[in-house]
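J.: From the sequence below, what's the structure:
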Amino acid sequence: MNENSKKVNLEKLDKKLEEFKSKKERDGPRRLRTQNDGWRMVIELVTGMLLGIGLGMAIDYLVGSEPVFLIVFSLLGFIAGVKTMIATAKKMNETNNL
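T.: Model (predicted):
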């Protein structure tokens, strides 16, 4: 190989690397945003469950009953978490489609 063909090959490689880097930089924030949205939805579900369990345990302790309120409020917390998660998913879908 002569010196000229090596230089041309290096320039082609450099151009491909620059294209790859620019594509990676463009796609990076979108991928992070999707990951953040997923974690937000998981946290909403877990928070609803934990609040329901905590409230149910507290009421059971204060009333002195069997874990009736724990079961009821755990289910209500789960339902509230799912409802919040679905509302967040709808809102994200609307903003992503604009």
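
J.: going forward, measure contacts between C-alpha atoms and count neighbours the same way
T.: Fine.

J.: contacting residues around the residue positioned nearest the centre of the chain?
T.: Residue closest to the average C-alpha location in the chain (Cα atoms, centre = their mean): Gly38, at 1.5 Å. If you count contacts by Cα atoms under 8 Å, 6 or more residues apart in numbering, Gly38 has none.

J.: Where does it fall, secondary structure wise?
T.: Assigned by DSSP states H and E, Gly38 falls within helix 3-63.

J.: what about that helix, average pLDDT?
T.: For helix 3-63, mean pLDDT is 83.

J.: Downstream of that helix, the next helix or strand is which one?
T.: Taking DSSP H and E, what comes next after helix 3-63 is helix 68-96.

J.: by contact count, what packs against that next one?
T.: helix 3-63 (3 or more Cα pairs under 8 Å, 6 or more residues apart in numbering; DSSP states H and E).

J.: how far out from the middle of the chain is the helix it packs on?
T.: Helix 3-63 has its C-alpha centroid displaced from the chain centroid by 7 Å (Cα atoms, centre = their mean, to the nearest Å).

J.: ok, the residue nearest to the centre of the chain to Met92 distance?
T.: 11 Å (Cα to Cα, to the nearest Å).

J.: Next: Tyr61.
T.: 39 Å.

J.: cool, and Leu50?
T.: Taking Cα to Cα, one finds Leu50 at 24 Å from Met92.

J.: How about Trp39?
T.: Trp39 is 13 Å from Met92, by Cα to Cα.

J.: Likewise for Leu55?
T.: Leu55 is 30 Å from Met92, by Cα to Cα.
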